[in-house]
Each structure stands twice: as C-alpha cells, then as structure tokens.
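Enquirer: Sequence first, predicted model second:
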Amino acid sequence: MTRYVGAIDQGTTSTRFMVFDREGRVIAQAQEEHRQIYPAPGHVEHDATEIWTKTQGVMRAALERGGLQPGDLAAIGITNQRETTLIWDKATGEPLHNALVWQDTRNDRLVAEFARDGGRDRFRDLTGLPLASYFSGLKLRWLLDAVPGARERAEAGDVLFGNIDTWLVWNLTGGPDGGLHVTDVTNASRTQLMSLKALDWDEGMLATFGIPRAMLPEIVSSSAVYGEIRAPFTGVPIAGILGDQQAALFGQTCFAPGEAKNTYGTGCFALMNTGTEAVPSKAGLVTTVGYRLDGQPPVYALEGSIAITGALVQWLRDNLHMIKDSAEVETLATTVEDNGGVYFVPAFSGLYAPHWNEGARGLIIGLTRYADRGHIARSVLEATAFQTREVLAAMEADSGIPVKELRADGGMVANGTLMQFQADILDVPVVRPTVSETTALGAAYAAGLAVGYWKGLDDLKGNWGVDRRWEPAMEAADRDRIAACWSRAVQRALDWKTDAD
C-alpha cells in the first residue's frame, strides 16, 4: 500500500494541510484563512478556537480532494506561527483570552521595564534572544497580569500555556481528556524562557518574568513520536513539530553549517545553520534552535526576523484598496522602471532584526509629484528585499561565513520581480526550490523521519531540486546608491513612537 506523510501548516493568516509522497511532492492540500483581530493600534490577536476548527476542516478537505483515508498517512507533522501566545482552561479547553500574535506590541512597557536593569541583551547569553515584544515570555506575563484570576489558576495548574503548536497537539490528542501538553525545542527557544544549552525551562527566567512552571508544556525533540491523534484522524501518529521558520530551514535541507534560507511570508525570516554550537550574535540577530532529531544533539541557527513583508502587500490591498488581489502588486510594480525615489519602511509594529526598535513606525519617503501608484507598489516589494539585505549582512558579520546563494521559499517567491531585485541588491544568486512551500515539507520530513518513512537526511537531500535561479544583474554603483537611500529612510523611522504617545 502506498503511504504518505501529512503536515499541518498553521500560519499567521491561514491554516493548511498538505500531504507529501516519498519524493517530497504534494499529493493533496487544503487551506483556509482565519480572522486578523486588531483591537487597538499595535494589538494583533487570533481566535484560537477558530484556528482549531479550521485545522480540522482543512485536514478533512485535503484527504477528500486526494481521495485518501487517514490510514494512508504514516505520520503527521505540525509547523506553526511562532511566538503567538495562548492560555486556556485545562478542564474545558476554553481560551482565557484571544491569542496574542507575534506582531502584537502591547507588552512593550514590560520590555522597557526589564531592559532598565541590564539593557536589552541582559538575557541574550542564556536564551539567545534580546528583550523585545516579539517573544512569548513577556506576552505570557502580560496575559497573567491582565486576565482576571489567570495567575492564581495557573499557579494551581488549572491553566495551560502554549504557542500554537502546543494548542494543536493538545486538542488533536484528546484536549481536556488527556491531551498531550508538549512543545518542541524550536518553539521553546522562542519564548525567552528556555536555556539554549540545557534545552529546558530556566528557573531563573521563570522567576524573573513571574511565570508559573506548572502551566508550561514539556519540551520535546523536533522529530519523535509524541502520541496518536484521536480526532479527526484516529490512530495516526503525531511525530514532528517545528516552528515555521525552522521547518522551512529543514525543508530546504540546510543541514550543513553556513547554508541559509529566507522565507517570504507575512514576515520574512532568514536562518543560517551554524551546527551544534550556538553562535552568539553581536550584529542584531537572534540565536535559536534550528532543529533536534530524537536522540541527537541540537542544531542551532542564526536568525534575522522581519515583521512586515507579505503583510505590506495585504495592507496595500485591504487598507488602501490599491489592488484587488495580492498577485496584482507585481503587475502594478512593473508599470514603472524603478521606484522613482520612493522608499517604504514598513515598521507597523516596530522594526525587528537587526534594529530591534519598538518605537519605529511605518514611513513612506521620497514622494514627489512624479510618483504614482506603480512607484508605491514597487517600493512595497523593494522594502522586503532591503530588509533581507540588512539581515544577511548581519548574518555574515556574526558567522564569518559569506552567503554564496540564498534559498528562497514562501508565498512571495512566485513574484519574479521581487526575486530578481533580491538577487540584485544582495549580489548573490537567489534560488527557488521545486517545492516552494518548504515550511509544510519540513514538518512532514520531521514526522516521516521519526517513523522511518525516510531513512535519514540523505533521503531528504535527494528530494531537493531547483525550480528557478535568479542571478544578480545590477551595477555595483546603483546597488550602493539605493541601499544608502534605504538606510537613510530607516533612520528617519526609528524611535518615532515615544512614551508620551
């Protein structure tokens, strides 16, 4: 009997279920968007119950479209939006509050409070992360402080915490009726509560942030059999968990130190494999766990996180109504030869790597009467490439390893105009693999390895192939000139929001 491996890909704007064969080819898939909730400026929430409902729906729909049964699946892996923070009632499964999305900045006062004693990097040696509103630990602290009774109930063991991976595993394996409360090392490394070396919750961090250990999940490997699903696919093993960007690193088969990928989604996330040693960053990146196979040492990575890339295209569509469909941005951008001197810094929720500036806000600069819709559309695309350039420069500075090519994946890699400009501004080739949705593929790979569907990493490397390659074609003088303009624009966006605001 032919068998396959499934992957739940729970992202910032949608949830999908994909089924892969042994060669890493997509056999079936289904996808649904979920609501983005904006209660106030800088606040971004998701309804976790809606996410769970849609997850069950896309799992069923994908199998129906592929003419498959649950028994056709050897295992299922999960990949998820990281840092999005949720607490729920252990007895009922009811969330106590909407999930705080990774983009949410309502905990920025807590960031400032903890940074006053020792600076933003006071926990970097232990956790690999700077103090920032981005990570889960201070989002969780905000929820415990803001939701009536949450702290007391958490200390009593009646309230559970998790990122979205934990929420899905718990529900899939029984929920209130014995559901597994686990998270993998990649997701745990994004909480700022885990020791990078010990790979366990750090008692000092828990005490400093005021987090009850009783509410935290067990930390497990990224590839291992955790348990079996009860519904909707009774008996199928859950055998892989990876945060979305680590899943893309794994799906891109970046198994050797120095290999790097960039995922172009709601945000942009560049990761470089640094091997079994955690490399501390001095250039504004974060040190994170790349993956850990069961029974093996962890593999670490340097990461540069960019908050707003694909989300900027959505903003152009939904807020300004300049386009009706996200794909139209490329058509509009190609109506002009260049950006016409217009630069767009999309600091809607501050700037992440390498700046880590909570007070930065969005800025469009360089406007003249010459500028039109095409120039703005082009500046929207170029903002993604400029931000990626900053991150890769920091990556090279930290690692001492030059990036010789960039493996690109995610929804925006279908945009050839963006990919060519990315190659031009980096001055290195950009490569799109045959399977561009490598986030789901990475989760499938992790699950399949755990159950022996694939025998080892060499099997996975054999599946990787090039779909398209963009070579740099920009003159060095032009590259330097426009990069300098971008840098000036960023400087004007920094620290716009003040305490008085």
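Expert: Perfect, I can see it now.

Enquirer: what sits up against stretch 488-501?
Expert: 343, 345, 347, 351, 355, 357-363, 365-366 (C-beta atoms under 8 Å, 6 or more residues apart in numbering). All C-beta spots, glycine's among them, are computed from the backbone N, C-alpha and C.

Enquirer: Tell me which two in those residues are the farthest apart.
Expert: Farthest apart among the contacts of stretch 488-501 by C-beta to C-beta are 358 and 366. That separation is 24.9 Å.

Enquirer: Who has more neighbours out of these two?
Expert: More crowded of residue 358 and residue 366, by other C-beta atoms under 10 Å: residue 358, with 25 against 16.

Enquirer: OK, contacts around that one?
Expert: Residue 358 sits next to 105, 108, 111, 112, 132, 133, 350, 497 when contact means C-beta under 8 Å, 6+ apart.

Enquirer: repeat that for 6 Å
Expert: Neighbouring residues of residue 358 by C-beta atoms under 6 Å, 6 or more residues apart in numbering: 108, 133, 350.

Enquirer: Would you mind putting those residues into a markdown table with distance to residue 409 alongside?
Expert: Converted to a markdown table, those look like this (distance: C-beta to C-beta, whole Å):
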| residue | distance to residue 409 |
| --- | --- |
| 108 | 31 |
| 133 | 26 |
| 350 | 25 |
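
Enquirer: Identify each buried residue in stretch 212-231, please.
Expert: Applying a neighbour-count criterion of 16 or more other C-beta atoms under 10 Å, one finds 212, 215-217, 219-224, 226-230 buried in stretch 212-231.

Enquirer: Ok, stretch 42-56 next?
Expert: Quick answer for stretch 42-56 (16+ other C-beta under 10 Å): 42-46, 48-52, 54-56.

Enquirer: from the residues you listed, which is closest to residue 412?
Expert: residue 44 (19.9 Å).

Enquirer: Backbone dihedrals for the closest one, please?
Expert: phi -130, psi 130 (degrees, to the nearest 10).

Enquirer: so what's it scoring on pLDDT?
Expert: At residue 44, the pLDDT value in this model is 94.

Enquirer: What distance do you get for the closest residue to it other than its chain neighbours to residue 34?
Expert: For residue 44, ignoring the flanking residues on the chain, the nearest one in space by C-beta to C-beta, 6 or more residues apart in numbering is residue 101 at 4.0 Å. Separation of residue 101 from residue 34 (C-beta to C-beta, to the nearest Å): 11 Å.

Enquirer: ok, now residue 222?
Expert: With C-beta to C-beta as the criterion, residue 222 and residue 34 are 25 Å apart.

Enquirer: Measure how buried residue 185 is and give me the count.
Expert: Neighbour tally, residue 185, other C-beta under 10 Å: 25.

Enquirer: who's in contact with it?
Expert: 199, 219, 289, 292.

Enquirer: Switch the residues you listed over to a markdown table; also include distance to residue 117.
Expert: Shown next, in a markdown table, are the contacts of residue 185 (distance: C-beta to C-beta, whole Å):
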| residue | distance to residue 117 |
| --- | --- |
| 199 | 26 |
| 219 | 27 |
| 289 | 27 |
| 292 | 32 |
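
Enquirer: The host helix or strand of residue 226 packs against which elements?
Expert: Counting by DSSP states H and E, the element that carries residue 226 is strand 223-228. Contact partners of strand 223-228 among helices and strands, from 3 or more C-beta pairs under 6 Å, 6 or more residues apart in numbering; DSSP states H and E: strand 237-243, helix 438-450.

Enquirer: closest to residue 463 among the buried residues of stretch 42-56?
Expert: Comparing those against residue 463 with C-beta to C-beta picks out residue 55 as the nearest, at 25.8 Å.

Enquirer: ok, back up a step: list just the nearest of the buried residues of stretch 42-56 to residue 8.
Expert: The nearest member of the buried residues of stretch 42-56 to residue 8, counting by C-beta to C-beta, is residue 55 at 6.1 Å.

Enquirer: Am I right that the closest one is in contact with residue 15?
Expert: Yes: because the distance of 5.2 Å satisfies C-beta atoms under 6 Å, residue 55 is recorded as touching residue 15.

Enquirer: residue farthest from the centroid of this structure?
Expert: What lies farthest from the middle of the chain is residue 369; by C-alpha atoms, centre = their mean that is 38.0 Å.

Enquirer: can you pull the contacts of that one?
Expert: Neighbours of residue 369 in contact, by C-beta under 6 Å, 6+ apart: none.

Enquirer: Number of residues surrounding residue 354?
Expert: Counted by other C-beta under 10 Å, the residues lying close to residue 354 total 22.

Enquirer: what's the closest non-adjacent residue to it?
Expert: In this structure, residue 354 finds its nearest non-sequential neighbour in residue 284, 2.7 Å apart by C-beta to C-beta, 6+ apart.

Enquirer: Touching, that neighbour and residue 353? I think so.
Expert: Yes: contact criterion C-beta under 6 Å: residue 284 and residue 353 qualify, at 5.3 Å.

Enquirer: higher neighbour count, these two?
Expert: residue 353 (27 against 20).

Enquirer: following the one helix or strand residue 110 maps to, which helix or strand shows up next?
Expert: Taking DSSP H and E as the definition, residue 110 sits inside helix 108-115. Going down the chain from helix 108-115, the next helix or strand is helix 124-127, by DSSP H and E.

Enquirer: Next, the angle from the helix or strand just after that next one to helix 108-115.
Expert: Next in sequence after helix 124-127, counting helices and strands by DSSP H and E, comes helix 136-146. Using axes from the mean of the first three to the mean of the last three C-alpha atoms, to 10 degrees, the direction of helix 136-146 lies 110 degrees away from that of helix 108-115.

Enquirer: Show the residue spans covered by the strands in the stretch 301-450 of the chain.
Expert: For the stretch 301-450 of the chain, strands defined by DSSP state E, counting those that start in this stretch occupy the ranges 343-345, 363-365, 406-409, 430-433.

Enquirer: Tell me if residue 284 really is in a strand.
Expert: No: secondary structure assignment places residue 284 outside any strand; it is coil (DSSP: H, G, I helix; E, B strand; the rest coil).

Enquirer: tell me the pLDDT at it?
Expert: For residue 284, pLDDT reads 84.

Enquirer: Quick check: phi and psi at it.
Expert: phi 90, psi 10.

Enquirer: Ok, the one 3 residues further on next?
Expert: Reported as degrees, to the nearest 10, the phi and psi values for residue 287 are phi -100, psi 130.

Enquirer: how about it, what does it touch?
Expert: Shown in contact with residue 287 (C-beta under 6 Å, 6+ apart): 128, 278, 280, 281.

Enquirer: What's the local residue count around the first one?
Expert: Just to be clear, that refers to residue 128. Per other C-beta under 10 Å, the neighbour tally for residue 128 reads 27.

Enquirer: The second one too?
Expert: Using other C-beta under 10 Å, residue 278 has 21 other residues around it.

Enquirer: related to what we said a few turns ago, may I have the residues that are in contact with the residue nearest to residue 44?
Expert: Applying C-beta under 6 Å, 6+ apart, the residues near residue 101 are 44, 46, 84.

Enquirer: Same list (those residues) but as a markdown table, adding distance to residue 448.
Expert: As requested, the contacts of residue 101 are arranged in a markdown table below (distance: C-beta to C-beta, whole Å):
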| residue | distance to residue 448 |
| --- | --- |
| 44 | 33 |
| 46 | 29 |
| 84 | 26 |
